[in-house]
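>>> kindly return the folded structure for what I paste below:
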Amino acid sequence: MSWPAVVRATHWVNVLLLSLLWLSGGVLWLEGDAALGWLVHAHALTGFALMTSLLIRIAALFDSEQPRAHWRDMVPLTAGQRAVFRATLRHYLTLGRAPDPDWQGHNPLAGMVYLLLFALLLLQGLLGALIYLQGVDALKSVHGVLALVLLVLASGHVLMVFYHEWRQKGCRISALVHGGNDPP
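Numbering: from 1, shown residues only. Next comes the predicted model:
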């Protein structure tokens, strides 16, 4: 399995930017944004950078020359993809007692979760922009709750990566560093 450079680059940029956003957002929530105006600006600029990276990743979904990055690889459109979707769901619901289907790249269930994650990140960016640019303070609590939801989803993602790394004895983590399953 190989991951296109655009997927690897945007993935790690997003990891860095989301980490900075959760950290700065937590400080702003604890200390109050009035006391740390400079951090509000840094948080917003980091959010705009994340939206740029996310839009690049979403654009790659429509680039037919990017294997494993195309939207058709993430949505269970074919009978085979739907079968893997059901088998993967069965695997998770039985806590690993049902077989884990062999799949290269995002399995169709994970693909749907990632599309949901992309949508939630876009919504979060829109909320943040409205708060920062338009002063819609009423959205701050929704923005904060959604940040926690995204943190839970990201934590679940990391746990599932380690789970699949262990179960399938694959190189999913290193694949996102150098692009393939085999060590460089």
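
>>> all helices of the protein, in order?
5-31, 37-60, 79-93, 108-134, 140-168, 172-178 (DSSP state H).

>>> okay, angle between the fourth one and helix 5-31 too, please.
Helix 108-134 runs at 50 degrees relative to helix 5-31, counting by axes from the mean of the first three to the mean of the last three Cα atoms, to 10 degrees.

>>> what mean pLDDT does helix 108-134 get?
Per-residue pLDDT over helix 108-134 has a mean of 93.

>>> got the angle for it vs helix 79-93?
On the basis of the same axes, to 10 degrees, helix 108-134 is oriented at 80 degrees to helix 79-93.

>>> how about helix 108-134: buried residues?
108-111, 113-115, 117-118, 121, 124-125, 127-129, 131-132 (16 or more other Cβ atoms under 10 Å). For every residue, glycine as well, the C-beta is placed using N, CA and C.

>>> next one: the first one
By neighbour count, and taking 16+ other Cβ under 10 Å as the criterion, the buried residues in helix 5-31 are 7, 8, 10, 13, 14, 17, 18, 20, 21, 24, 25, 28.

>>> nearest residue to the fourth one in space, please, no chain neighbours.
This means residue 13. residue 53 (4.6 Å; Cβ to Cβ, 6 or more residues apart in numbering).

>>> what's in contact with stretch 89-98?
Contacts to stretch 89-98, defined as Cβ atoms under 8 Å, 6 or more residues apart in numbering, come from residues 87, 99, 100, 101, 109, 167.

>>> how far away from the center of its chain is it?
The chain centre lies 23 Å from the centre of stretch 89-98; the measure is Cα atoms, centre = their mean, to the nearest Å.

>>> same question for stretch 123-139.
With Cα atoms, centre = their mean, you get 21 Å for stretch 123-139.

>>> alpha carbons only: can I get that stretch in PDB?
The C-alpha coordinates for stretch 123-139 follow below in PDB (Å, rounded to 0.1, in the frame of the first residue of the first chain):
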ATOM      1  CA  LEU A 123     -18.100  23.300  10.300                       C
ATOM      2  CA  GLN A 124     -15.600  24.000  13.100                       C
ATOM      3  CA  GLY A 125     -13.600  26.300  10.800                       C
ATOM      4  CA  LEU A 126     -16.800  28.100   9.800                       C
ATOM      5  CA  LEU A 127     -17.800  28.600  13.400                       C
ATOM      6  CA  GLY A 128     -14.300  29.800  14.300                       C
ATOM      7  CA  ALA A 129     -14.300  32.300  11.400                       C
ATOM      8  CA  LEU A 130     -17.700  33.700  12.400                       C
ATOM      9  CA  ILE A 131     -16.500  34.100  16.000                       C
ATOM     10  CA  TYR A 132     -13.200  35.700  15.000                       C
ATOM     11  CA  LEU A 133     -14.300  37.800  12.000                       C
ATOM     12  CA  GLN A 134     -17.900  38.700  12.800                       C
ATOM     13  CA  GLY A 135     -17.700  38.600  16.600                       C
ATOM     14  CA  VAL A 136     -20.500  36.100  16.900                       C
ATOM     15  CA  ASP A 137     -19.800  35.200  20.600                       C
ATOM     16  CA  ALA A 138     -22.900  33.100  20.900                       C
ATOM     17  CA  LEU A 139     -21.200  30.400  18.900                       C
END
